[in-house]
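> Just the structure for this:
(one chain, ligands or ions: 1)
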Amino acid sequence: MGVRFVVLGKQGAGKGTQCVRLSHHYVVPHISTGDMFRAAVKSGTEIGKQVQAIIESGDLVPDAVVMEVVAERLERDGAKRRGFILDGFPRSLVQAEMLAAFLAPEDLDLAVDISVPSSLILRRLTGRRVCTDCGAIYHVNARPKVDWICDLCGGEVVQRDDDTEEAIRRRLALYEHETAPLVAWYEQRSQLVSVSGVGSPDAVTARLVRAIDSGLSGSQRTGSQRNGPRG
Ligand code: AMP
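So this is what the prediction gives:
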């Protein structure tokens, strides 16, 4: 069975970038609720229509809708059993409890918290640009090679509708209120691994893999033992 973990951290802590790398390293799918909602909005599905205005304002999608989307994805391709990295979910204690009930009698291996000070977050997010096709992340100071065309898939690279300063402040406040308590919740369950997200992406990845492997070896489960690391 592959590793099963959730990644916590403020918007702009580097979760998206790091989750892509961790998903290659541990050979499990990266499941981002934000990416799934943006894809649903883009393709105009029923769920997309329901959540479009909420996402653009920086508010949270109702728990039942998020859980439905996550449950459907975890059932697909046997992900629930084969392992996964959840990014952007859970975002509240209610969601964490819903996830635990969904996975029971199994459980997560770890909750990984990437911590970054809010002052750095604001600088990162206002300059952030993303590929509308594959979700790859760029910055006004780290652009794609050709004029806002994604280096990886050729998709269009744009600023997210919710990366305006007003929406970012709203999301940071929501994080403190809704999501920060999850860190203590997972710590109480002895599932928490906390890592600083300050530094180059490579340095943060190396730090994460060390911390995750050591957290997993506590429960006799390492990605290296079961899947063989890549990348
Ligand atoms: P993200 O890309 O993780 O920042 O998510 C973008 C937006 O999708 C958020 O601002 C929310 O509106 C919505 N969203 C994503 N995940 C969740 C979640 N677990 N609970 C509620 N809303 C979510």
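
> residues touching the one residue in the chain that gets nearest to the ligand, list them.
Distances between the chain and the ligand by CB to the nearest ligand atom are smallest at Gly34, namely 2.0 Å. Where C-beta positions appear, they are placed from N, C-alpha and C, glycine not excepted. Listed by CB atoms under 8 Å, 6 or more residues apart in numbering, the contact partners of Gly34 are Gly16, Ile55, Asp87, Gly88.

> and the helix ranked longest in the chain, what does it pack onto?
For the chain, the helix with the greatest residue count under DSSP state H is helix 201-218. Packed against helix 201-218 by the contact rule (3 or more CB pairs under 8 Å, 6 or more residues apart in numbering; DSSP states H and E) you find helix 15-26, strand 110-115, strand 192-196, helix 223-226.

> Take those and write them to CSV, including distance to Glu97 and mean neighbour count.
Formatted as CSV, the helices and strands packed on helix 201-218 follow (distance: least, CB to CB, whole Å; neighbours: other CB atoms under 10 Å):
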stretch, distance to Glu97, mean neighbour count
helix 15-26, 21, 21
strand 110-115, 13, 22
strand 192-196, 16, 19
helix 223-226, 26, 16
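
> who wins for proximity to Arg128 among those?
For these, proximity to Arg128 was assessed by CB to CB; helix 15-26 is nearest, at 9.3 Å.

> helices and strands around that closest one, which ones?
Packing partners of helix 15-26 (3+ CB pairs under 8 Å, 6+ apart): strand 4-8, strand 30-32, strand 84-87, helix 201-218.

> most tightly surrounded among the ones you listed?
strand 4-8 (a mean of 26; mean count of other CB atoms under 10 Å).

> Between helix 201-218 and it, find me the angle.
130 degrees (axes from the mean of the first three to the mean of the last three CA atoms, to 10 degrees).

> ok now strand 4-8, how far from the chain's centre?
Centroid separation between strand 4-8 and its chain, computed with CA atoms, centre = their mean, to the nearest Å, is 8 Å.

> Direction included, what does it pair up with?
Applying DSSP bridges, strand 4-8 is found paired with strand 84-87 (parallel), strand 110-115 (parallel).

> Quick one: check the shortest one for contact with the ligand.
No: Strand 84-87 stays out of contact with the ligand when judged by CB under 6 Å from any ligand atom, the minimum separation being 6.9 Å.

> Check the model's average confidence along whichever helix or strand comes after that strand for me.
Sequence order places helix 93-103 as the next helix or strand after strand 84-87, per DSSP states H and E. Taken as a whole, helix 93-103 has an average pLDDT of 95.

> One more: stretch 73-86?
For stretch 73-86, mean pLDDT rounds to 91.

> Show me what that stretch is in contact with.
Contacts to stretch 73-86, defined as CB under 8 Å, 6+ apart, come from residues 1-7, 19, 22-23, 26-31, 33, 36, 70, 99, 102-103, 106, 227.

> Can you dump the C-alpha atoms of that stretch in CSV for me?
Taking C-alpha atoms only, stretch 73-86 is exported to CSV below (Å, rounded to 0.1, in the frame of the first residue of the first chain):
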residue,chain,number,x,y,z
ARG,A,73,-11.6,10.9,-6.5
LEU,A,74,-10.3,8.6,-3.8
GLU,A,75,-12.5,5.8,-5.0
ARG,A,76,-11.2,6.2,-8.6
ASP,A,77,-8.2,4.1,-9.6
GLY,A,78,-8.2,2.6,-6.1
ALA,A,79,-6.5,5.7,-4.7
LYS,A,80,-8.0,5.2,-1.3
ARG,A,81,-6.1,1.9,-1.0
ARG,A,82,-3.1,2.6,-3.2
GLY,A,83,-2.0,5.9,-1.6
PHE,A,84,-2.4,9.6,-2.2
ILE,A,85,-1.3,13.1,-1.3
LEU,A,86,-4.2,15.4,-0.5
